[in-house]
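Q: The following comprises the amino acid sequence and a computationally predicted model.
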Amino acid sequence: MRTELLGQEKNIVKIKAEIEASEFTKALNKAVNELSQQVRIPGFRKGKVSRSILEMRFGRDALYQEAIEKIMPDEIKQIVDDYELDPIETPSLSFTEKIEEGKPVICEITFEVRPEVELPDIENLEIEKVVSDVTEEAVDSLAKRIRIQMADIKPAERPVQDGDLVEIELIIRTLNPDGTETEEQPKPDTTKETINLADETIRKEVKDALIGRSKDEDTVAVFDVEPGHSDRRLAGKKVSYKMKVLNVSEYVLPEVNEEFYKNVFGPETDIKDEAAFRARLRQDITNQVAEETKIDLHNRAVDMVAGLAKLDVPDKLIERQEHSMRHDDEEWAKQNAVDLTQAYGLDTEEGRKGYSNLLHDRAVTAVRNVLVMDEVAKRYDVHLEQGDIEAEFERRASQLNVSKAFVAKYFYEHREQLDRLADELRWEKVSEAMVSHMKVKEVKELSQPQQEDNN
């Protein structure tokens, strides 16, 4: 086979291929023999149907097409290897001349390949890393949460106080920006919820609305939900929580003594006093903060480099990512018993357009980041090794207090989960390599420019 590069525009590569007549004849004979074995024609034994009969039955062009389908996969693979292409889609064929037996087959093959990525000068990029000390207040807060987890709960015949466990009847409504109810809103569901006012993540508006209320008393909290909220029905909207207090309970906290330490850390713990207890909590917080800081740093580094990189994101990859994200949203809706149409307002033209734009923007960002990270992996020669996966098995086994073999068995029996784990580990390894080549500046809080970049 002879080939010739016809040209490349962005990520589209066109190559002319000429298949020798003898190679085409060999593929044609093979196609005829296989078809003779497969078809059943009255009066002919299987495998004894002549080529002339097959041509009469199916047509000569159909036999030629069978031959092309047999010969082209190997030829395309050879072209991919020879030209070091990285296709993102099955290439398309067009024949510039009529196919005739005894003559070379000439075709034009169009490849859609991964685009070229021009990375910024990573070594000269500066990124800020937030470094903070573990305060006594943070240790106090964690100690209180642990005591609450181990506390007894008893009814409280009094108004709600901070730190209580409150059972409520809840109605959630979305509001217009001015606080009035939106039109044509479906009849709201009334649900029973239990709110832990000792939980520091509870919204201040909800906590303030409940404190001081007595059993059977109504109250309302109104607040704006952030755009990235996990409940996509409410994300980015103003909402009202209409709440009726049903029951009030209080925590009876355990005494902090040796028995308490054994209940928390196990009977073999060497923690015997409050100083050792607080030191252990401080170390746990330090480890958690370090991990969160690392994740935040890596995410901002990826966003920074991807934002500065130069590349054309292929439409085909964007379309695939949009389809995948739509599927994920549908699965999320099923698992959470949510009407996707209602959540995103897909019953209106404006809602469908808004959701389509949201999917598109998310897909472009995701694809762009992946392409950039692949290029970073090439630049710094980063590869995921089997040892990386084995180390993660070991880490998870220790975390779950099970054997490494147990963890490995689970992942090898669930290949989709193993593939996802491998992607996560590779992403972490590449981002670690990228950050290690950047200038990292330790700060107490992000500067305004880096906050804006992160948003």
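A: Perfect, thanks for sending it.

Q: Would you double-check that residue 40 falls in a strand?
A: No. Using DSSP: H, G, I helix; E, B strand; the rest coil, the secondary structure at residue 40 is coil, not a strand.

Q: Could you report the neighbour count for it?
A: 8 (other CB atoms under 10 Å). Just so you know, the C-beta spots here come from the backbone N, C-alpha and C atoms, and that holds for glycine as well.

Q: now it: how far from residue 14?
A: Computed as CB to CB, to the nearest Å, the residue 40 to residue 14 distance reads 42 Å.

Q: again, but for residue 285
A: Taken as CB to CB, the span from residue 285 to residue 14 is 59 Å.

Q: Surely residue 256 is in a helix?
A: No. Using three-state DSSP, the secondary structure at residue 256 is coil, not a helix.

Q: show me the contacts for it.
A: 143, 147, 274, 277 (CB atoms under 8 Å, 6 or more residues apart in numbering).

Q: Pull the number of nearby residues for the third one.
A: Residue 274: 12 surrounding residues under other CB under 10 Å.

Q: Excluding chain neighbours, what is closest to it?
A: residue 256 (6.5 Å; CB to CB, 6 or more residues apart in numbering).

Q: what stretches of the stretch 151-300 of the chain score poorly on pLDDT?
A: 183-188 (pLDDT under 70).

Q: list the buried ones in the longest strand seen in the chain?
A: When the chain is parsed with DSSP state E, its longest strand is strand 238-252. By 16 or more other CB atoms under 10 Å, the buried positions in strand 238-252 come out as 238-245, 248, 250-251.

Q: so how far is it off the chain centroid?
A: Put simply, strand 238-252 sits 34 Å off its chain's centre (CA atoms, centre = their mean, to the nearest Å).

Q: Given that strand, what are its sheet partners and their directions?
A: Partners of strand 238-252 in the sheet, by DSSP bridges, are strand 152-155 (antiparallel), strand 165-175 (antiparallel), strand 218-224 (antiparallel).

Q: that older thread, possible to save the buried residues of strand 238-252 as CSV with distance to residue 114?
A: Formatted as CSV, these follow (distance: CB to CB, whole Å):
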residue, distance to residue 114
238, 43
239, 43
240, 49
241, 48
242, 52
243, 53
244, 57
245, 58
248, 60
250, 60
251, 56
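
Q: what's the closest of the residues you listed to residue 189?
A: Using CB to CB, residue 242 comes nearest to residue 189 of the buried residues of strand 238-252, at 11.8 Å.

Q: measure the closest one to residue 219 for me?
A: Applying CB to CB, the value for residue 242 to residue 219 is 8 Å.

Q: dump the residue contacts of the nearest residue to residue 403 once chain neighbours are set aside.
A: Spatially, and ignoring its direct neighbours in sequence, residue 403 is nearest to residue 397 (6.0 Å; CB to CB, 6+ apart). When contacts are counted by CB under 8 Å, 6+ apart, residue 397 is found next to 403-404, 406-407.

Q: Just give me the closest of these to residue 309.
A: The shortest gap between residue 309 and any of the contacts of residue 397 belongs to residue 407, at 36.1 Å (CB to CB).

Q: how many other residues sit next to that closest one?
A: Neighbour tally, residue 407, other CB under 10 Å: 19.

Q: helix/strand/coil for it?
A: Following three-state DSSP, we place residue 407 in the helix state.

Q: That one contacts residue 395, doesn't it?
A: No. With contact defined as CB atoms under 8 Å, residue 407 does not count as touching residue 395 (9.1 Å).

Q: per-residue confidence for residue 347?
A: What the model reports as pLDDT for residue 347 is 79.

Q: Look at it and say how many residues are nearby.
A: Using other CB under 10 Å as the criterion, the residues surrounding residue 347 number 11.

Q: tell me which element the residue lying closest to it once chain neighbours are set aside is part of?
A: In space, and not counting its chain neighbours, residue 347 is closest to residue 341: 5.4 Å by CB to CB, 6+ apart. Residue 341 belongs to helix 340-344 when assigned by DSSP states H and E.
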